[in-house]
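Asks: Have a look at this prediction, sequence included:
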Amino acid sequence: MGLYDFYEQRIFPHVLEFAMKPLGAHRGETLEQARGDVLEIGFGTGLNLPFYPEGVERLSTVDPMDALSEKVAARIAAAHFPVDRHHLPADGTLPFDSGRFDSVTVTWTLCTIPDPDAALAEMRRVIKPDGRLLFIEHGLSDQPGVARWQERLNPIQNVIGCGCNLNRPVDRLVEKAGFAIDRLERFVDGPAIFASLYRGAARRA
Ligand SMILES: C[S@@+](CC[C@H](N)C(=O)[O-])C[C@H]1O[C@@H](n2cnc3c(N)ncnc32)[C@H](O)[C@@H]1O
């Protein structure tokens, strides 16, 4: 195993766990509209599980990473609904029928997906016509000075953050994929370069 693979597979999951836990306060509000048959894109270490509301009946998840398996198993065991985990196929297609899900959720993950346009198109494909995409993501700041620093630091963040980008315009990406945004909040919680947040809900346009 090379040094970077070791960092990505053995160290980075712990860094993520440490960095993502304090964000719990934002998860409940993001996921409160989730209901029925739900798909979570970028499951990570399962930190969203305690924040899903009662109306969730089943959760399917996809992620190319499989880390901290004992912690994740304990979180799944404590969930009030069944959880089916799926490994993301290399071509990025979601292993689900079109129009299946009532809700698709994605939290702090669009920053890392190599082709966010293709991934959002897949999310749109698998969501029901009246379903909702629920998201909270960090992305491009609306302050030009901060945005300039995000562009400068992006190559470094790509390496440290295992593919994470600081400069994605999340709302524009969601709309470009054929969603209409019903609700969008933009706010900063932490250093603006890393924590310019977009929280929202969207449906198929
Ligand atoms: C910053 S973590 C966020 C994890 C989790 N969503 C959370 O809120 O704690 C980003 C996650 O995206 C996953 N990821 C990377 N590329 C992906 C892809 N193409 N499709 C789905 N998930 C992906 C990573 O493996 C990682 O688990």
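Replies: Sure thing, it's come through.
Asks: Report the contact partners of the residue in the chain positioned nearest to the ligand.
Replies: Distances between the chain and the ligand by Cβ to the nearest ligand atom are smallest at residue 44, namely 2.6 Å. Just so you know, the C-beta spots here come from the backbone N, C-alpha and C atoms, and that holds for glycine as well. Counting by Cβ atoms under 8 Å, 6 or more residues apart in numbering, residue 44 makes contact with 16, 20, 63, 65, 108, 109.
Asks: Pretty sure it sits in a helix.
Replies: No. Read with DSSP: H, G, I helix; E, B strand; the rest coil, residue 44 is coil and lies in no helix.
Asks: Pretty sure residue 112 sits against residue 166.
Replies: No. Residue 112 lies out of contact with residue 166 (Cβ atoms under 8 Å); the separation is 11.2 Å.
Asks: and those two? which has more neighbours close in?
Replies: residue 166 (25 against 19; other Cβ atoms under 10 Å).
Asks: Look up the closest residue to that one, ignoring the ones flanking it.
Replies: What sits nearest to residue 166 in space, not counting adjacent residues and going by Cβ to Cβ, 6 or more residues apart in numbering, is residue 150, at 4.1 Å.
Asks: give me the element that neighbour is part of.
Replies: Using DSSP states H and E, residue 150 sits in helix 144-160.
Asks: Tell me the buried residues in that helix?
Replies: 146, 147, 149, 150, 154, 157 (16 or more other Cβ atoms under 10 Å).
Asks: Adding distance to the ligand and pLDDT, write those residues out as CSV.
Replies: CSV is the format used below for the buried residues of helix 144-160 (distance: Cβ to the nearest ligand atom, whole Å; pLDDT from 0 to 100):
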residue, distance to the ligand, pLDDT
146, 20, 98
147, 21, 98
149, 20, 98
150, 16, 98
154, 15, 98
157, 12, 96
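Asks: Confirm residue 71 sits in a helix?
Replies: Yes. According to three-state DSSP, residue 71 belongs to a helix.
Asks: which residues touch it?
Replies: 17, 45, 46.
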